[in-house]
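1. Coordinates for the following, if possible.
(one chain, ligands or ions: 1)
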Amino acid sequence: MFQLIEQQDGLSIGVFGIGGCGCNTLNSIYEQRESKQAKLFSVNTDKVVLEHTQSDDAVLIGAELTHGYGAGADPEVGLQAAQESKDQLLTLINSCDILLCATGLGGGTGTGASPYIAELAREQNKPVIFVATLPFSSEGQFRSHVAQTGLNALKEHANAVITLPNDQLIQVLGDDVDLFDAFKHSNQILHSLIKSLIDMLCYQGLINVDLNDFAKIMDCKGDAVLGVGKCDLEDEFPNALDDALNNPLVNQVDMSSSSGVIVQVNCKDEISLGSYNLITDTVRQQVSPNALVICGVSKIESLATNYELLIIATGASAKMIVEPFNNAPSSEVEQSPAARVKPQASDIFDIPAFIRNQAPAPSGK
Ligand SMILES: Nc1nc2c(ncn2[C@@H]2O[C@H](COP(=O)(O)OP(=O)(O)OP(=O)(O)O)[C@@H](O)[C@H]2O)c(=O)[nH]1
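-> The predicted model follows:
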């Protein structure tokens with residue numbers, strides 16, 4: 001259990017982007033952020049990616065171990081890199097009250113460093129929430145297995161882990177979607193989940209969900225789901241609710257098994273009591289009568305739409321599980337970081353880091 005947290009003048013939220021995917025998400029958040037209440041921290045073993053990530057503070061983890069060349073898709077290297085940089089990570093962790101982290105599971109840095117960062121945060125009594133992508137099936141069984149092992153480790157330490165399987169990008173956006181557009185879309189979802197959390201925690205609500213309510217819900221073990229729905233008119237609430245509860249890009253969980261739920265309604269102006277009741281009743285009907293349901297309402301004039309619903313359910317069981325790993329073909333086992341050399345082209349950041357890293361090293365380097 002968490003100790004009660006004294007909320008001072010302002011809550012300090014640390015948004016951590018860990019590994020290549022996490023850093024891409026930070027770039028998207030940085031470009032669109034409205035307030036500096038949330039501090040953005042990039043964490044990577046890859047120096048070049050870090051230099052191209054927009055954040056308030058950056059930590060190159062494992063500089064001695066990897067020389068800034070990434071973790072080579074080896075989570076053990078990601079873990080050791082984070083352990084080498086424990087003091088710098090602790091400085092960042094201790095500068096915030098709550099950690100919201102974005103990462104991509106399946107590579108070395110995010111998969112290896114994330115559970116360790118979550119563990120450090122829990123030791124410091126800080127609530128820590130992860131939003132993590134799972135790799136495309138086409139990336140191979142080796143990466144799926146690495147991701148699944150990392151996810152299990154992450155769940156042991158983080159308060160809540162929300163997963164976005166990349167495969168669902170294809171199902172939702174279609175086979176023809178450009179890979180970069182698909183990632184942009186996914187990063188936008190990661191961004192919107194994190195932004196809604198920041199809004200809920202930072203704005204003083206009419207009915208307020210504070211950090212201790214939040215910590216209570218986050219303390220319910222099991223799978224977590226977090227969804228956002230938006231609308232301009234009150235009679236569009238059923239659709240917005242459906243969007244929040246059934247975002248096809250977020251791994252679905254069985255709401256009826258969930259033991260804790262936060263329903264947060266943000267509105268630009270006001271909301272009728274009838275609509276508020278409709279929203280909270282609909283959510284209550286989906287969960288067990290014993291579940292702890294906390295509802296909040298905040299007025300946020302800067303919202304892009306008139307209403308925004310945020311639903312966080314924890315302690316649930318997953319509806320969808322990543323296929324277990326059998327035998328990884330040896331050809332899929334990737335090179336060690338020391339054996340890899342990075343290309344230097346200046347337009348390289350048009351290519352997601354994990355694809356860049358699979359490209360053969362340029363000859364002569
Ligand atoms: N949705 C989304 N997924 C990404 C993105 N970048 C990478 N991924 C996914 O995340 C997984 C891990 O890739 P990275 O984040 O680049 O890897 P890393 O954690 O930095 O690890 P190393 O490169 O081995 O040091 C990949 O297998 C992809 O499935 C992105 O921008 N968006």
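2. Secondary structure class of the nearest residue to Ala240 once chain neighbours are set aside, three-state.
-> Leaving out its chain neighbours, the residue that sits closest to Ala240 by C-beta to C-beta, 6 or more residues apart in numbering is Gly229, at 3.4 Å. To be clear about C-beta, it is placed using only N, CA and C from the backbone, and glycine gets the same treatment. Here Gly229 is strand, with the state taken from DSSP: H, G, I helix; E, B strand; the rest coil.
3. Let me know the pLDDT of Gly229.
-> On the pLDDT scale, Gly229 is placed at 88.
4. ok, what's across the strand from it?
-> Here Gly229 sits in beta bridges with Leu309, going by DSSP bridges.
5. Equivalent analysis for Val261, please.
-> Beta bridges link Val261 to Val293, Ala313 when assigned by DSSP bridges.
6. Would you mind confirming that it makes contact with Ala291?
-> Yes - between Val261 and Ala291 there is a contact under C-beta atoms under 8 Å: 5.9 Å.
7. More neighbours: which of those two?
-> The residue with more neighbours, out of Val261 and Ala291, is Val261; 26 against 22, by other C-beta atoms under 10 Å.
8. Could you pull up the residues touching the more buried one?
-> The neighbours of Val261, taking C-beta atoms under 8 Å, 6 or more residues apart in numbering as the test, are Ile217, Met255, Val283, Val287, Ala291, Leu292, Val293, Ile294, Ile311, Ile312, Ala313, Thr314.
9. My guess is the third one contacts Leu310. True?
-> Spelled out, that is Val283. No - in this structure, Val283 is not within contact of Leu310 by C-beta under 8 Å, at 11.1 Å.
10. top of the contacts of Val261 by neighbour count?
-> Ala313 (31 neighbours).
11. and that residue, how far is that from Leu99?
-> For Ala313, the distance to Leu99 equals 20 Å [C-beta to C-beta, to the nearest Å].
12. cool, Gly315 as well?
-> In terms of C-beta to C-beta, Gly315 sits 20 Å off from Leu99.
13. Let's see the pLDDT reported for the closest residue to Gly19 other than its chain neighbours.
-> Residue nearest to Gly19 in three dimensions, not counting chain neighbours: Gly110, with 3.0 Å by C-beta to C-beta, 6+ apart. The model reports Gly110 with a pLDDT of 98.
14. May I have the phi/psi pair for the most centrally placed residue in the chain?
-> With distances taken as C-alpha atoms, centre = their mean, Val131 lies nearest the centre of the chain, 1.9 Å away. When read as degrees, to the nearest 10, the backbone of Val131 gives phi -120, psi 120.
15. and what of Ile13?
-> The phi/psi pair for Ile13 (degrees, to the nearest 10) reads phi -110, psi 130.
16. in a strand, that's where Gly315 is, yeah?
-> Yes - Gly315 sits within a strand when classified using three-state DSSP.
17. neighbours around the closest residue to Asn159 other than its chain neighbours, how many?
-> Nearest residue to Asn159 in three dimensions, chain neighbours excluded: Met218, at 3.8 Å (C-beta to C-beta, 6+ apart). Using other C-beta under 10 Å, Met218 has 23 neighbouring residues.
18. sorry, back to before: who does the residue nearest to the centre of the chain form a beta bridge with?
-> Beta-bridge partners recorded for Val131 (DSSP bridges): Ala102, Ile162.
19. tell me the contacts of it?
-> Listed by C-beta under 8 Å, 6+ apart, the contact set of Val131 reads Leu100, Cys101, Ala102, Thr103, Val161, Ile162, Thr163, Leu164, Leu190, Leu193, Ile194, Leu226.
20. let's see 7 Å
-> Ala102, Ile162, Leu164, Leu190, Leu193, Ile194 (C-beta atoms under 7 Å, 6 or more residues apart in numbering).
21. Show me the shaky parts of this structure.
-> Counting by pLDDT under 70, the ranges of the chain that qualify are 1-9, 34-35, 204, 220-223, 248-253, 316-365.
22. For it, what lies in contact range of the ligand?
-> By C-beta under 6 Å from any ligand atom, the residues of the chain that approach the ligand are 19-21, 24, 45-46, 70-73, 104, 106-110, 133, 135-136, 139, 143, 166, 183, 186-187, 352-354, 357.
23. Now that we have the residues you listed, which of them are buried?
-> When these are checked for burial by 16 or more other C-beta atoms under 10 Å, the buried set is 19-21, 24, 45-46, 70-73, 104, 106-110, 133, 135-136, 139, 143, 166, 183, 186-187, 352-354, 357.
24. taking those residues one by one, which sit in strands?
-> Judged by DSSP state E, these include Gly104, Thr133 as members of strands.
25. So which of the buried ones among the residues of the chain next to the ligand belong to helices?
-> Of the positions in these, Gly19, Gly20, Cys21, Asn24, Thr109, Gly110, Arg143, Phe183, Ser186, Asn187, Ala353, Phe354 sit in helices, assigned by DSSP state H.
26. What is the nearest of those to Leu60?
-> Leu60 lies nearest to Thr109 out of these, by C-beta to C-beta, at 10.7 Å.
27. excluding its backbone neighbours, what's nearest the closest one?
-> With C-beta to C-beta, 6+ apart as the criterion, Thr109 has its nearest non-adjacent residue at 3.8 Å, and that residue is Gly19.
28. May I have the residues that are in contact with that neighbour?
-> Asn44, Thr103, Gly104, Gly107, Thr109, Gly110.
29. Of all pairs in those residues, which one spans the longest distance?
-> Among the contacts of Gly19, Asn44 and Gly104 lie farthest apart (C-beta to C-beta), at 11.4 Å.
30. any idea where the strands of the chain begin and end?
-> Ranges of strands within the chain are 13-18, 38-44, 57-60, 98-104, 128-134, 160-165, 223-231, 253-254, 260-267, 292-299, 307-318, based on DSSP E.
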